[in-house]
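**Q** A structural model of the following input is requested.
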Amino acid sequence: MSQSVEEHKSGPAESIRIGVVTISDTRTLETDRGGSLIIELITQAGHEVARREIIPDEPDAMRLLLNECAQQQGIQAVLMTGGTGISNRDQTYETVTALFTREITGYGELFRYLSFKEIGSASILSRATAGLINELLVITMPGSPAAVLLAMEKIILPELKHLIREATK
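**A** Numbering: from 1, shown residues only. Next comes the predicted model:
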């Protein structure tokens, strides 16, 4: 990558403080493989886990948590896993997008494209999305560890500092 592209993609030098949220009616800290993987990857990348939650797939619980994170000093991003499918219980997409002040449509498009290359046409079932709630970056992913790994390694970690820099301009 050229120096100008690297400079453009740069972000804050310090580690980013991240909230990790698992949306599930059944997972616990012991069984939450997707959330644990997010924590492992962000820690390896030098970022900090500022908050960890497992909440039910309920709009009120999601709204309350995201509003708290948007008001909490120091949390710059929330990475959410779970609830992005199309079943009646999957309410993450509707809840989160209703809170966005600005949607980042390219994330979901790129996630589904990369997912298609791995799992084929089943990728259309994902409603992964990203956006801003004022300056708070919120990114959702499916609950499967394979989907989390794909999103984190191919999209989120390579762009996280750049996203935070742009969100806080």
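
**Q** Count the residues that sit near Ile54.
**A** 19 (other CB atoms under 10 Å). In this view, the C-beta of every residue, glycine as well, is placed from N, C-alpha and C.

**Q** Across the sheet, point out what pairs with it.
**A** Counting by DSSP bridges, Ile54 is bridged to Thr22.

**Q** Just list the residues touching it, thanks.
**A** For Ile54, the contacting residues are Val21, Thr22, Ser24, Arg27, Thr28, Leu29, Asp32, Gly35, by CB atoms under 8 Å, 6 or more residues apart in numbering.

**Q** Could you look up the SS state of the fourth one?
**A** So that's Arg27. At Arg27, secondary structure determined by DSSP: H, G, I helix; E, B strand; the rest coil is coil.

**Q** residues touching it, list them.
**A** Gly35, Ile54, Gly82, Gly143.

**Q** Pull up the gap between the closest residue to the last one other than its chain neighbours and Gly108, please.
**A** Across the structure, with CB to CB, 6 or more residues apart in numbering as the measure, the residue nearest Gly143 apart from its sequence neighbours is Gly82 (3.8 Å). If you measure Gly82 against Gly108 using CB to CB, to the nearest Å, the figure is 15 Å.

**Q** the more surrounded of these two?
**A** Gly82 (27 against 22).

**Q** Going by neighbour count, list what's buried in the longest helix along the chain.
**A** Of all segments of type helix in the chain, defined using DSSP state H, the longest is helix 105-119. For helix 105-119, burial by neighbour count (16 or more other CB atoms under 10 Å) applies to Tyr107, Gly108, Leu110, Phe111, Leu114, Ser115.

**Q** so which of those comes closest to Ile139?
**A** Nearest to Ile139 among the buried residues of helix 105-119 is Tyr107, at 6.5 Å by CB to CB.
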